[in-house]
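S.K.: no sequence on this one, just coordinates:
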């Protein structure tokens, strides 16, 4: 078993990992920036080391510095959390070189899954359905028109070098494709210096559903069911749940089996998540794989009873997964709401000092938090300050309990998105389990502007 | 003369105007980066840029002067 673990992260997830280590009697080492000197994760860990000024490039993303601390503190492993260096193949490779265990899959797997084209190719080989689209980009509109005929409308025209939603246009037919082509090509050229475009089939009324995987170093792979993360704003998840209110048992079984098979195919180890788009007929398409712990892992823990972070540590220690797929059962329902420091109307961040924080407690309520009353929320990092997880026997009870709890949740000194979370939970479409990935833009924002 | 101020604390990611530029009301003059989000700063009134008070990459606090218009 590992003896001492460095946590290369901050906020709620660093605190979460410290607690998991404590449960297994492992010593913990925190790293922190100047902005985080009083942070909760620093106080919780057995040792803590300052690694630089507030901006992440000068602190939490400094590979050499973090490795140096790991060596000085004589840790045997590093847990990267999520975000920051968690999907950085170079970091994983450096750890390996120094004889430090990186808690995650191999650098090679991280690298492949981090490359859009390579990941798609690998998953296709593993037998996972991918979104129909063109493998190679082009700057020629006639080629695109011919390709669109094969794929079938509606399509998304995307910039090959693009990202973050820039250089993406929807086309419902040939005329529209020709119309959006010129503008999108220009945008791609000016933003990314490359006018190459490619097509992808637009999956309409899709849901975002992902499968959690655990894999040990001896080829044992299990899945822990799905999470439905369809409630998103600007590709940022807002509310997640397990099980999905939409998916049939047959589809769950099929997706889980496909995900396990794909994980085995690529020699995956440790915890990971495969994200899919699922259309109204329950056809699923691979989107991407996150080769790390995910923010929303607690909903899976609540319905399966499996402590995912604990198993990350055990697998990294060389333990075998002692349970089989048949041993894993989902029971009850769990919802997670992400509490963001942001203005609920403009959605702009709201840094500041938390003057008061009071969180409802009770059976089935779980709070994952990296701040306390008196903490300062700085402008340097992600606006998520906490996660609130509720689990009850049924979905209906879970929603009701979360609404009651969020109305009692008090944060003063900064603005939070709690009013928006309550809007989602109270919405008819959400309550009926009909939310797709366009739910927030289609219903909440529209209704807000109409007011 | 009007001063366009920063609406929140963050890193001045992009400065979109230079002295001498004319701006319209509602035009974006700068983009801040705060908590991993891009926050556009707009001119409330039209005018000509007299001075830019900060450089790209600088950290600004809420209420700091960014761009002077005349």
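M.R.: Cool, got the structure. The structure displayed is predicted, hence computed values, not measured ones.
S.K.: just checking, what packs against the helix or strand containing residue A:301?
M.R.: Using DSSP states H and E, the element containing residue A:301 is helix A:297-304. Judged by 3 or more C-beta pairs under 8 Å, 6 or more residues apart in numbering or on different chains; DSSP states H and E, helix A:297-304 is in contact with strand A:221-233, strand A:236-242, helix A:308-316, strand A:333-340, strand A:365-369, strand A:384-392. In this view, the C-beta of every residue, glycine as well, is placed from N, C-alpha and C.
S.K.: pull the distance from the helix or strand following the last one to the chain's centre.
M.R.: Elements were assigned by DSSP H and E; along the chain past strand A:384-392, the next helix or strand is helix A:395-408. Its chain's C-alpha centre and that of helix A:395-408 lie 23 Å apart, by C-alpha atoms, centre = their mean, to the nearest Å.
S.K.: could you do stretch A:173-192 as well?
M.R.: Distance, centroid of stretch A:173-192 to centroid of chain: 30 Å (C-alpha atoms, centre = their mean).
S.K.: who touches it?
M.R.: Contact partners of stretch A:173-192, identified using C-beta atoms under 8 Å, 6 or more residues apart in numbering or on different chains, comprise A:139, A:141, A:144-145, A:148, A:153-155, A:157, A:159-162, A:166-171, A:194-197.
S.K.: what's the closest of the helices and strands packed on helix A:297-304 to residue A:355?
M.R.: With C-beta to C-beta, the closest approach to residue A:355 among these belongs to strand A:384-392: 13.7 Å.
S.K.: and the angle from that closest one to strand A:365-369?
M.R.: With axes from the mean of the first three to the mean of the last three C-alpha atoms, to 10 degrees defining the directions, strand A:384-392 sits at 160 degrees from strand A:365-369.
S.K.: and strand A:384-392, how far out from the chain middle?
M.R.: Strand A:384-392 has its C-alpha centroid displaced from the chain centroid by 15 Å (C-alpha atoms, centre = their mean).
S.K.: just stretch A:345-356 next, same as before
M.R.: Here stretch A:345-356 is found 22 Å from its chain centre; the criterion is C-alpha atoms, centre = their mean.
S.K.: could you list the buried residues of it?
M.R.: In terms of neighbour count (16 or more other C-beta atoms under 10 Å in any protein chain shown), stretch A:345-356 has its buried residues at A:347, A:348, A:349, A:350, A:351, A:352, A:354.
S.K.: mind checking the end-to-end distance for it?
M.R.: 22 Å (C-alpha to C-alpha, to the nearest Å).
S.K.: ok, it near chain B or not?
M.R.: Yes - Stretch A:345-356 is in contact with chain B by C-beta under 8 Å from any C-beta of the partner chain, via A:348, A:349, A:350, A:351.
S.K.: which outside residues touch that stretch?
M.R.: For stretch A:345-356, the external contacting residues (C-beta under 8 Å, 6+ apart) are A:233, A:341-343, A:371-379, A:383, A:385, A:410-417, A:448, B:7-10, B:34-35, B:37, B:39.
S.K.: tell me how far the residue lying farthest from the centre of chain A lies from residue A:149.
M.R.: What lies farthest from the middle of chain A is residue A:142; by C-alpha atoms, centre = their mean that is 37.6 Å. Note on residue A:142: its distance to residue A:149, by C-beta to C-beta, to the nearest Å, is 11 Å.
S.K.: if we can go back for a sec, quick one: the residues of stretch A:345-356 next to chain B as TSV, columns for pLDDT and secondary structure too.
M.R.: Below are those laid out as TSV (pLDDT from 0 to 100; DSSP: H, G, I helix; E, B strand; the rest coil):
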residue	pLDDT	secondary structure
A:348	86	coil
A:349	88	strand
A:350	88	coil
A:351	89	coil
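S.K.: show me which of those is closest to chain B.
M.R.: Using C-beta to the nearest C-beta, residue A:349 comes nearest to chain B of those, at 3.8 Å.
S.K.: the closest one pairs with what?
M.R.: Beta-bridge pairing for residue A:349 (DSSP bridges): residue A:342.
S.K.: chain A contacts on chain B?
M.R.: Counting by C-beta under 8 Å from any C-beta, chain B sits next to chain A at B:7, B:8, B:9, B:10, B:11, B:34, B:35, B:36, B:37, B:39.
S.K.: where does residue A:142 fall, phi/psi-wise?
M.R.: Torsion angles at residue A:142 (phi, psi; degrees, to the nearest 10) stand at phi -70, psi -40.
S.K.: get me the contact residues on the stretch 251-400 of chain A for chain B.
M.R.: So the stretch 251-400 of chain A meets chain B at A:341, A:342, A:348, A:349, A:350, A:351, A:378, A:379, A:380, A:381, A:382, A:383 (C-beta under 8 Å from any C-beta).
S.K.: out of those, who's nearest residue A:226?
M.R.: residue A:382 (24.6 Å).
S.K.: that closest one: what's it in contact with?
M.R.: Residues counted as contacts of residue A:382 (C-beta under 8 Å, 6+ apart) are A:11, A:83, B:35, B:36.
S.K.: next: residue A:23.
M.R.: By C-beta under 8 Å, 6+ apart, the contact set of residue A:23 is A:307, A:310.
S.K.: go again using 6 Å as the cut-off
M.R.: By C-beta atoms under 6 Å, 6 or more residues apart in numbering or on different chains, no residues touch residue A:23.
S.K.: what about residue A:249, neighbour count?
M.R.: Residues near residue A:249, counting by other C-beta atoms under 10 Å in any protein chain shown, number 8.
S.K.: kindly report the same for residue A:323.
M.R.: Other residues close to residue A:323 by other C-beta under 10 Å number 13.
S.K.: what about it, distance to residue A:268?
M.R.: Noted for residue A:323: a distance of 18 Å to residue A:268, by C-beta to C-beta.
S.K.: could you find the closest non-adjacent residue to the most centrally placed residue in chain A?
M.R.: By C-alpha atoms, centre = their mean, chain A has its centre lying nearest to residue A:294, at 4.6 Å. Excluding the flanking residues, the one nearest residue A:294 by C-beta to C-beta, 6 or more residues apart in numbering or on different chains is residue A:273, at 5.1 Å.
S.K.: so the one you found is in contact with residue A:208, correct?
M.R.: No - using C-beta atoms under 6 Å, residue A:273 makes no contact with residue A:208, being 11.3 Å away.
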